[in-house]
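Colleague: Take this sequence and fold it.
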Amino acid sequence: MIDVRPYDDLAAMAILQRLDPSDHLEAELSRGAPATALALFADWRSMQAIRVISHVAFTCPTRGGKPFALFAVAQSGYAGVGEAALLARDHARFRRPLAELALVIRRGIGAEAARLGIHRIGCRSWSDHPTAARLLEAIGFRHECDMPGFGRSGTVTFRQFAWTAPELLPVLQPACRPHLQARN
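Modeller: As a prediction, the model looks like this:
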């Protein structure tokens, strides 16, 4: 079983130095410029002050107890709304621990969000990322839309996902939830 611990600088740097290539490219596309592991660490570390959830996931001790993923939620600036981020080491090599992490987050997201007064958590991923969408859906996020126009040239598309507190889903207007009805 994986181990989830509060954020730690050294564990974060260990992950960012060996980041999954697609996660690294997604981070560069988000920034609009190439980025070293140190630059990504500086970005991640600078956001710590506004994060309401910030953790590092480690493989089980029998598999070396290695840090493999960072995940966090920050306040978005809108009441009741958070923004999530997740970066991980090689998604193929850490497939099983990432699946376990998705289950851990999925099981705890509702209670933790309620404790923090968050009713919606948004997350964006690069549309060409080979595993991000499946991972976000395994966590409980739902695809809302594709958003073109990102990146320095405006040619990058990101996908918007969100987790919404289950008790709020029925109050959404029908036009806003055809994708939710298709999954239920």
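
Colleague: With residue 33 as the reference, measure out to residue 157.
Modeller: Relative to residue 33, residue 157 is positioned 18 Å away (criterion: CB to CB, to the nearest Å). Where C-beta positions appear, they are placed from N, C-alpha and C, glycine not excepted.

Colleague: in this protein, which spans are strands?
Modeller: Secondary structure of the chain (DSSP state E): strands at 3-6, 51-58, 67-75, 81-88, 120-126, 142-150, 156-164.

Colleague: Most tightly packed of these?
Modeller: The densest packing among the strands of the chain, expressed as mean neighbour count by mean count of other CB atoms under 10 Å, is seen in strand 67-75 with a mean of 22.

Colleague: Direction included, what does that one pair up with?
Modeller: For strand 67-75, the pairing partners within the sheet under DSSP bridges are strand 51-58 (antiparallel), strand 81-88 (antiparallel).

Colleague: Tabulate those strands (a markdown table), appending distance to residue 101 and mean pLDDT.
Modeller: Putting the strands paired with strand 67-75 into a markdown table (distance: least, CB to CB, whole Å; pLDDT from 0 to 100) gives the following:
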| stretch | distance to residue 101 | mean pLDDT |
| --- | --- | --- |
| strand 51-58 | 5 | 96 |
| strand 81-88 | 8 | 97 |
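
Colleague: pLDDT of stretch 143-156, averaged?
Modeller: Taken as a whole, stretch 143-156 has an average pLDDT of 94.

Colleague: Would you pull up how far that stretch lies from the middle of the chain?
Modeller: Chain-centre distance of stretch 143-156: 17 Å, with CA atoms, centre = their mean, to the nearest Å.

Colleague: What of stretch 122-136?
Modeller: Taking CA atoms, centre = their mean, one finds stretch 122-136 lying 8 Å from the centre of the chain it belongs to.

Colleague: do the same with stretch 161-168
Modeller: For stretch 161-168, the separation from the chain centroid amounts to 15 Å (computed by CA atoms, centre = their mean).

Colleague: Now do the end-to-end distance for it.
Modeller: The distance separating the two terminal residues of stretch 161-168, taken as CA to CA, to the nearest Å, comes to 16 Å.
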